[in-house]
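# Sequence and predicted structure below; questions after.
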Amino acid sequence: MSYSAQYDARGYLSGIDIIDADEVSEHRAQLEHAEQQIGPMHYLAKVHTILSSPAKLASHPRILDVVEQLIGPDILIYNVTYIIKEANTKSHVSWHQDLTYWGLDSDDQVSVWLALSDASESSGCMRMIPGSHRLGRQHHILGEDDDNNVLFQNQRVADVDESKAVAAELKPGQASFHHGWLLHSSSPNQSAERRIGLNIQYIAPHVRQTKVRGFTALLVRGVDRYRHYDRDIAATSDLEPAAMQRREDLERLYHDTAGRA
Ligand SMILES: O=C(O)CCC(=O)C(=O)O
């Protein structure tokens, strides 16, 4: 079955080989070097504008070849963020759909999760409900505060039939690709190793951001005939002060979209 047929049927693809073990070590070392310099990188928005490693990964031809089959030949990077669960911690992600609060006017969007460590059931890999993207937008409850939930608003879909959940386990260097209406979650990392994913969100250029003005994106393949977005600049060196300042401004804008109902 083609990638697009599998994706249409299940709402996600998993276990797609992207980079080899040496490349994983190199990219992970670059992340950990940045962490030593500026502190935790978990869930910072737009990291491809301050670090060359995620910029390179987010425009990796092997990833874009798959994304092209899912959303078409014209591709914008919307956001790039690391999602890191430290060893033996309670950090988790409640059942949710990505697109619920993002303010996009179309679901021509796909999220890639590239494993920079082992992502297994014990380290808290993603769990998917196959076919749930076909249900469209589901009601989310804005939960009481839970510092261990990675999601900004602790939002969750209640009454998910977890017996239907499938673990999307990934070896380092493999990726999953999921649809914005797919129900997914992840459990705490009960292993002795860090669980590190690079989450890359792509959209087709016609997709509009309806919540805020001045949102940015970066064309990585094809043509942007719509020009709905100001332009992100991919980092070619690391942690340049001007890029760091700009990223902080972009982070505020990102929170104004994904961080509120
Ligand atoms: O990294 C995780 O555990 C969850 C990731 C997620 O929810 C996403 O990529 O949309």
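Cool, got the structure. In this text the structure is predicted, and so the values were computed from the model without any measurement.
# Could you count how many residues lie near the nearest residue to residue 89 once chain neighbours are set aside?
Excluding the flanking residues, the one nearest residue 89 by C-beta to C-beta, 6 or more residues apart in numbering is residue 189, at 5.7 Å. Where C-beta positions appear, they are placed from N, C-alpha and C, glycine not excepted. Residues lying near residue 189 (other C-beta atoms under 10 Å) number 25.
# again, but for the one 4 residues further on
Under the neighbour criterion other C-beta under 10 Å, residue 193 is assigned a count of 15.
# that's a helix at it, yeah?
No. Using DSSP: H, G, I helix; E, B strand; the rest coil, the secondary structure at residue 193 is coil, not a helix.
# shouldn't it be in contact with residue 118?
Yes. In this structure, residue 193 is within contact of residue 118 by C-beta atoms under 8 Å, at 6.7 Å.
# Where does the protein get nearest to the ligand, which residue?
Among the residues of the chain, residue 186 lies closest to the ligand, at 3.2 Å counting by C-beta to the nearest ligand atom.
# List the contacts of that residue.
85, 92-93, 124-127 (C-beta atoms under 8 Å, 6 or more residues apart in numbering).
# could you redo the last one with a cut-off of 7 Å?
92-93, 124-127 (C-beta atoms under 7 Å, 6 or more residues apart in numbering).
# What segments of the chain are strands?
Listed in chain order, the strands of the chain (DSSP state E) span residues 12-17, 75-85, 93-96, 109-115, 126-128, 141-142, 155-156, 166-168, 174-179, 184-186, 195-203, 216-221, 230-231.
# what's in contact with the second one?
Same thing as strand 75-85. With C-beta under 7 Å, 6+ apart as the test, strand 75-85 has contacts from 31, 41-48, 54, 58, 64, 67-68, 91, 124, 150, 189, 194-203, 205, 217-222, 224, 229, 254.
# Just the buried ones from those residues?
Neighbour-count burial (16 or more other C-beta atoms under 10 Å) applied to the contacts of strand 75-85 gives 31, 41, 44-48, 54, 58, 64, 67-68, 91, 124, 150, 189, 194-203, 205, 217-221, 224, 229, 254.
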